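> fold the stuff below for me.
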Amino acid sequence: MRGIPVSSLVLLMLSFLCVHNVEAQSTNGTVPIAAILNDPVPLGLESYAIPDSSMTASTEYSANHGARSARSSNANQWIQMDLLDRYKIISVATQGRQDSDQWVQSYKLACSTDGTTFHTVQGISTNPGADRIFTGNSDRNTIVTNTLPVPQFCRYIRLMPVSWYGQISLRMQIFREDINECSPDPCENGGRCSDGVDSFTCACAPGYTGPTCGTDINECSLNPCENGGTCSDGVNIFTCACAPGYNGPTCVTDINECSPDPCENGGRCSDGVDSFTCACAPGYTGPRCGTDIDECSPNPCENGGTCSDGVNTFTCSCAPGYTGTMCGTDINECSPDPCENGGTCSDGMNTFTCACAPGYTGPTCLTDINDCSPDPCENGGRCSDGVNTFTCACAPGYTGTTCGTDINDCLPDPCENGGRCSDGVDSFTCACARGYTGPTCGTAILNDPRPLGLESYVIPDSSMTASSEESADHGAKRGRLNVRKVKTLRGAWSARSNNANQWIQVDLLDLYRINSVATQGRQAYNQWVTSYKLACSTDGTTFHTVQGISTNPGADRIFTGNSDRNTIVTNTLPVPQICRYVRLMPVRWFGHISLRMEIYGEGPITDINDCSPDPCENGGTCIDGVDTFTCACAPGYIGPMCRTAARVTCDSSSMTVFISKTLNILPADLHFIDESCVGYNHNGENIALYSRYDKCKFTTEENSDFIIYSNVISTTVTDNTPNGSVITRVMGETLINVRCQIRRRQVLSRFYNPISSSLKIDEVGYGNFTVDFERYTDENFRERHPNEAAPVRIQDRLFYAVSLTSVSNLTLFIDHCWSTPSSDPLDTKQYDLIKDGCASDDTVQTISTFGPSFKPFTFDAFTFIGDYSQVYVHCEVVACNEGDTNSICAQGCHAPALPLPARLRRSVVGKPVGTYSQPRIVSQIVGPFVKGSEKQGVTAKTGWASPYILLASLAAGACLFIGMIAMYAVMKARM
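Residues are numbered from 1 along each chain as shown. Okay, here's the model as predicted:
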């Protein structure tokens, strides 16, 4: 029955009228008598008036058989219709299955008004009180109609097969009695009734309306009386009682109150509603224009003038000093203007006053004020007077409106290679790190570099490792310069496979300053590396790839390798590197990845304490490194040596404070003492707080020279750390004391100007961004997993997300995620989850609805085949400018590109924030994930399900799949 809609299988196709008979019980036995019934009306199975949702059954053979064919043939089957309302049911018609020899031979009927309590239709003749069994069908398509012995009032009808042919299958229709709604006649007031199906229509006599003609039509309902007339309804008539001023049948005629004319002295009459208005001629007033107007009352003459009344006019005699019709004009002593240099003249009584423009004084503003007296310029600046202003020509090394700001010649930092900058006046000094010299520490101090011992075997075989090797005879120990084939030992290190994940690494056993690297190909075969990268490490864990400094600064440097077997090619590093571990990573090769190498440099280098003397300022704590140091700055200070605190700008009435976003504090979490005065985003680098001195709870101090306005900027800290916790992720409170010193002689002076815009150039801020790779508990990605070391079952759904913090203008893109059985991301046994931004595993799902800096993905847990107990997941992500439509982040899933830079370990510190011309690539690693134990009551320390259980699960799944196919074939045959 595949492809036949349920509705087609359920509905009985009927297109005829039926004659119904009923049986009546007589004293002499059962005799058929004719029931007096109106025409039967079908209830809508055939017409779909009854929807599919109203048709239910005890069982159905399949979804395609709906409520038509039962799953099994027994006396417990039924089909039921919800008629959606109560009806008087008189008959039921049935057919068999249209496309197969299956029909119901006899059946019972049950009726219900609530769908819960059903009453079976009973006989009234041969077996009164017993369930009536109706005769059904004897073929597929013949329609058999059965009339109920007594009509039933039902909402729910249930048909219950008693006997059947082949299998229980049927189609049906239900009929109700059509009642004559015109008996008795419902129409009133002489209306004529027309009977319909379950309804009637009344044709009303004139003057009446409504469903039963019971409503008298109100002739006043349309408000025929106009102009406020009152309507009185009658029989097919109305009467209007007009408002004053109107007459006529519908009050439309206005009575003219201007006839005869009531206005005097030439007034013009305007008719109104039951009234009139007189527009009087000039000089007259009153309702009928009978009163002469006195134009001198009230007196229109100003400033003591005397009024004389006339006919519709008056005359003012002005007091001395005034003129005009009403003596309102003062004689102007400011015409012509006596005030010079833009002064404003104010007229008085026979006098004037000049309000001088800024910079001028005197009765007529002739005198220029000298704004250079006293001299406002500091630090040797020369003052030039202007009009209400001055200009300071600052001495070298100073800037600002009054030359009060020392220019910081250490911004941006001119010192290279870790040199420490000291600011001077119009100068700077670089204290160079060991091994460098020059004004900006740009010159490396090198003795003649020497080979460090690969060719001479000073470096032992045990110090040479590789990502893979073609065989033991091709091992990393064969990667020494000028090594030759000796018996089975090959003349080079050769990788097992050719891909960009291969590397060879040398442990120099101590710190050296590396200057250059020399390479050869394989001694006896045409195999060599044509280009490569180098990475350096002091601890063997965190490697930094050597980068270019000229043609492509900030990008990984790709060195030119060999073009034949034996020629030695030497590459000098752009900047010498201090390393113990050197890793060479082939980028391209000829034939096969094979090479021999030597490393050149000087050392060993004894690490010195770079924190002595302490380079950190303003209370910063120095942390010594290898030929470097790190300053942990006190609150309110930033920068390599904690020199930069919050930057404050002051003017005569307000303060603005700029705080670098590298402090990782939200603007809304920073506030003055008044917590309602919060920060805002100034630009991509700084947060700003602004306030007038009379707001935000500033304090005021005074001394002989200055008025000092002070405040404290602090952070809002909400500590949700549970009691008893040994760690916290709540940031400590930040306190920044800020103040503005305003020279007292300038506080109220008109000479004071706000600091010019040239002093408000934002300081370039440098900071780190952090990429976190975390596991979460579920698909909501709200709660981080509390115990990543807990055992994981195979096929458990795992939820991970990579997130970018500290930077607002970047977006994040997952380019590559892969798994290994060890913590080494370059392990030769790898399995890709995401590659080139595309899902490589069928269970991987990436989610893009969390914004540009939070990238979740999920996948089903698995294990590596073999003796492996842990799985590590590594991800390589790219940070791009959010608005760059040409970036790899905007392109999404993409075709494979050139190999990306060598993958690093977790806890990566990003590059300074800026306008990127290249994407920033960061690698992350999480794990291990421990597979769940198969033993009850044993703490799981190693393994997910073993490979044998995995194979057994696959076998069981195959058997289940074959069984399902067999079952489907049997069921299809039965159809």
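
> center of the protein, which residue is that?
Nearest to the geometric centre of the chain sits G851, at 5.0 Å (C-alpha atoms, centre = their mean).

> find me the pLDDT at it, would you?
Note on G851: pLDDT of 84.

> could you verify that it is part of a strand?
No: secondary structure of G851 (DSSP: H, G, I helix; E, B strand; the rest coil): coil, not part of a strand.

> any idea how far F859 is from it?
Distance of G851 to F859, given as C-beta to C-beta, to the nearest Å: 21 Å. Using the backbone N, CA and C atoms, a C-beta is placed for each residue, glycine as well.

> check P244 too.
Distance from P244 to F859, by C-beta to C-beta: 92 Å.

> the more surrounded of these two?
F859 (21 against 10; other C-beta atoms under 10 Å).

> OK, contacts around T329?
By C-beta atoms under 8 Å, 6 or more residues apart in numbering, the contact set of T329 is 322-323.

> hmm, try it at 6 Å
T323 (C-beta atoms under 6 Å, 6 or more residues apart in numbering).

> need the per-residue pLDDT for it.
Here the pLDDT value assigned to T329 is 87.

> looks to me like W164 is in a strand.
Yes: W164 forms part of a strand when assessed by three-state DSSP.

> phi, psi for S531 please.
Per-residue torsions, S531: phi -160, psi 150 (degrees, to the nearest 10).

> ok, it - how many residues close by?
13.

> what of D539?
9.

> pretty sure it sits in a strand.
No: read with three-state DSSP, D539 is coil and lies in no strand.

> for C111, see how far away it is.
Look at D539 and C111: by C-beta to C-beta, they are 88 Å apart.

> quick check: pLDDT value at Y637.
pLDDT recorded at Y637 is 67.

> now the terminal residues of stretch 784-803, how far apart.
12 Å (C-alpha to C-alpha, to the nearest Å).

> check which residues of it are buried.
Neighbour-count burial for stretch 784-803 flags 791-792, 794, 798-803 (criterion: 16 or more other C-beta atoms under 10 Å).

> also stretch 152-159?
For stretch 152-159, a neighbour-count test (16+ other C-beta under 10 Å) marks 152, 154-159 as buried.

> how is the protein partitioned into domains?
Taking automatic domain parsing as the domain assignment, the ranges for the chain are 6-177, 445-602, 646-718+731-760, 770-944.

> these into JSON lines, with extra columns for distance to C372?
Formatted as JSON lines, the domains of the chain follow (distance: least, C-beta to C-beta, whole Å):
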{"stretch": "domain 6-177", "distance to C372": "94"}
{"stretch": "domain 445-602", "distance to C372": "48"}
{"stretch": "domain 646-718+731-760", "distance to C372": "10"}
{"stretch": "domain 770-944", "distance to C372": "42"}
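
> that older thread, list the ones among the buried residues of stretch 784-803 that fall in strands.
Per DSSP state E, strands hold the following members of those: 798-803.

> show me which of the residues you listed is closest to T649.
Using C-beta to C-beta, S803 comes nearest to T649 of those, at 34.7 Å.

> show me what the closest one is bridged to.
Legend: beta-bridge partners of S803 under DSSP bridges are D772, F854.

> isn't it up against D772?
Yes: applying C-beta atoms under 6 Å as the test, S803 and D772 come out as touching, 5.0 Å apart.

> pull the CA atoms of stretch 466-473 into CSV?
Extracted C-alpha coordinates of stretch 466-473, given in CSV (Å, rounded to 0.1, in the frame of the first residue of the first chain):
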residue,chain,number,x,y,z
ALA,A,466,62.5,13.4,15.1
SER,A,467,58.8,13.4,14.5
SER,A,468,59.2,10.1,12.6
GLU,A,469,61.9,8.0,10.8
GLU,A,470,61.7,5.8,7.8
SER,A,471,63.5,3.0,9.7
ALA,A,472,66.0,2.7,12.5
ASP,A,473,68.8,3.1,9.9
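
> any idea how far it is from the chain center?
49 Å (C-alpha atoms, centre = their mean, to the nearest Å).

> what lies in contact with that stretch?
475-476, 488-490, 493-496, 502-504, 826, 828.

> okay if I get the buried residues of stretch 152-159 as TSV plus distance to D131?
Output for the buried residues of stretch 152-159, formatted as TSV (distance: C-beta to C-beta, whole Å):
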residue	distance to D131
Q152	13
C154	16
R155	20
Y156	17
I157	15
R158	12
L159	13
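
> and of those, the nearest to N141?
Ranked by distance to N141 (C-beta to C-beta), the buried residues of stretch 152-159 are led by L159 at 18.0 Å.

> count the residues that sit near A518.
18.

> so it: helix, strand or coil?
strand.

> wait, L83 sits on R155?
Yes: the criterion here is C-beta under 6 Å, and L83 meets it with R155 at 5.4 Å.

> re the thing from before, wait, which of the ones in strands among the buried residues of stretch 784-803 is closest to T313?
Comparing those against T313 with C-beta to C-beta places S803 closest, at 89.0 Å.

> pLDDT below threshold where in the stretch 801-950 of the chain?
For the stretch 801-950 of the chain, the stretches with pLDDT under 70 are 805-809, 895-950.

> now with 80, please.
By pLDDT under 80, the low-scoring segments of the stretch 801-950 of the chain are 804-810, 867, 869, 879-884, 886-887, 895-950.

> identify the residues contacting W103.
With C-beta under 6 Å, 6+ apart, W103 has these contacts: 96, 137, 165.

> now distance to R450 too, for the ones in strands among the buried residues of stretch 784-803, in a markdown table please.
Below are those laid out as a markdown table (distance: C-beta to C-beta, whole Å):
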| residue | distance to R450 |
| --- | --- |
| L798 | 51 |
| F799 | 53 |
| Y800 | 48 |
| A801 | 49 |
| V802 | 44 |
| S803 | 47 |
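
> looking at the residues you listed, which one is closest to K695?
S803 (37.5 Å).
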